[in-house]
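Participant: Model the structure of this input:
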Amino acid sequence: MFKSLLSKALLLLPFISQSALATPIVWKIYDQQREFYILGSIHAGKETMFPLPAIFLEQWQHADALVVEANILQQSHVTPTIKPPFTHQALSATALKQLQKITKTLNISFEQLLQQPPWLTAVTLQLALAEKLELKSDYGIDYVLLQRAQQQQLPILELESVSQQFNMLETLPENGTPMLLETINEWNKTQSSLRCLVKVWQHGDGNKLEQLFQESQFDPTTDDALIFNRNQRWAETLVKDPAYQSGKFMVVVGAFHLIGEQGLPNLMKQQGFAVEKITFGTTADCD
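Facilitator: Below you'll find the predicted structure:
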């Protein structure tokens, strides 16, 4: 999610394998007619995240399409709907003081955030934190692979549109106030988790990744909208949509969509697909 979150030279780097590197998690999900090779994405990252797993890159050479959440390379004229309640109306005086302190550490405008809907303020804080930690959208896994697919004229399929993503955010409970409050109240934990995320992803540390996922949860309704309901829709699309009835597909979605009982691999397994984790991770040393 938040894909607006590689220098040109980097475009080739993901396709040079180095067996000495730790291996991020790759899933193979298949039946008799189709194979899905699924790699969890971090939508903003670092150059050290490359090259990508050799086993994923080997399958890429024979792929029929790249499947992503949304094709962020396509120009979109969709803009968010700005409607009340706004941040200054939704937060208490105490929460507003906390927010102001956070904006100073991020060097962004407190006054501008006050006039935004709470969901947009939460997203703005997360993006600004990623920038502060030198995580760049140009190094996002989905962005790199979209660029490569476009160069190679590999078909690109979307699981949803940018418009659908905005609509999801705009219809969050209380205009996203619970998500913003959780972001503010857990700000220190959010910073440490984001610092740890890249290392955990690189090591393919499934246990630590699940721990980070649990720590990132909002309220149940928001979690359903951002994660679980989308997982259900995506699984149904991959199982039933005519575009996916035969062939080999390279799938790249946010890493948190692949975790647990309601994660995409398990949902596909429930539909009768064979599910295998085809990489072996190591323990990431971060807290």
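Participant: from what I can see Gln262 touches Asp224, true?
Facilitator: No: using CB atoms under 8 Å, Gln262 makes no contact with Asp224, being 9.4 Å away. C-beta here means a position set from N, CA and C on the backbone, and glycine is covered the same way.
Participant: so is Val251 in a helix, a strand, or just coil?
Facilitator: At Val251 the chain is in strand, as set by DSSP: H, G, I helix; E, B strand; the rest coil.
Participant: One more: Ile38?
Facilitator: Here Ile38 is strand, with the state taken from three-state DSSP.
Participant: so what does the helix or strand of the chain with the lowest mean pLDDT touch, helix or strand wise?
Facilitator: One helix or strand of the chain scores below all others by mean pLDDT, DSSP states H and E: helix 187-203, with a mean of 90. Here helix 187-203 touches helix 118-132, helix 206-215, going by 3 or more CB pairs under 8 Å, 6 or more residues apart in numbering; DSSP states H and E.
Participant: and those helices, which is most packed in?
Facilitator: Compared across the helices and strands packed on helix 187-203, helix 118-132 shows the largest average neighbour count, a mean of 21 (mean count of other CB atoms under 10 Å).
Participant: who touches that one?
Facilitator: The list of residues contacting helix 118-132 from outside it, by CB atoms under 8 Å, 6 or more residues apart in numbering, reads 2, 4-5, 44, 80, 82, 85-87, 90-91, 99, 102, 105-108, 113, 116, 169-170, 172, 174-177, 179-180, 183-184, 190-191, 194.
Participant: Keep only those of those residues that are in helices.
Facilitator: Within the contacts of helix 118-132, residues falling in helices by DSSP state H are 87, 90, 99, 102, 105-106, 113, 169-170, 177, 179-180, 183-184, 190-191, 194.
Participant: of the residues you listed, buried ones?
Facilitator: Neighbour counting with 16 or more other CB atoms under 10 Å marks 87, 90, 99, 102, 106, 113, 169-170, 177, 179-180, 183-184, 190, 194 as buried within these.
Participant: ok, of the residues you listed, which one's closest to Arg148?
Facilitator: Nearest to Arg148 among these is Leu194, at 25.7 Å by CB to CB.
Participant: Show the contacting residues for that closest one.
Facilitator: Going by CB under 8 Å, 6+ apart, Leu194 touches Leu129, Ala130, Leu133, Leu135.
Participant: From Ser216, how far out is it?
Facilitator: To Ser216, Leu194 is 9 Å away according to CB to CB, to the nearest Å.
Participant: now swap in Thr283 and tell me
Facilitator: From Thr283 to Ser216 the distance is 20 Å (CB to CB).
Participant: Counting neighbours, go ahead and name the busier of these two.
Facilitator: Taking neighbours as other CB atoms under 10 Å, Thr283 and Ser216 compare with Ser216 leading, 19 against 12.
Participant: Before I go, just wanted to say thanks for your time.
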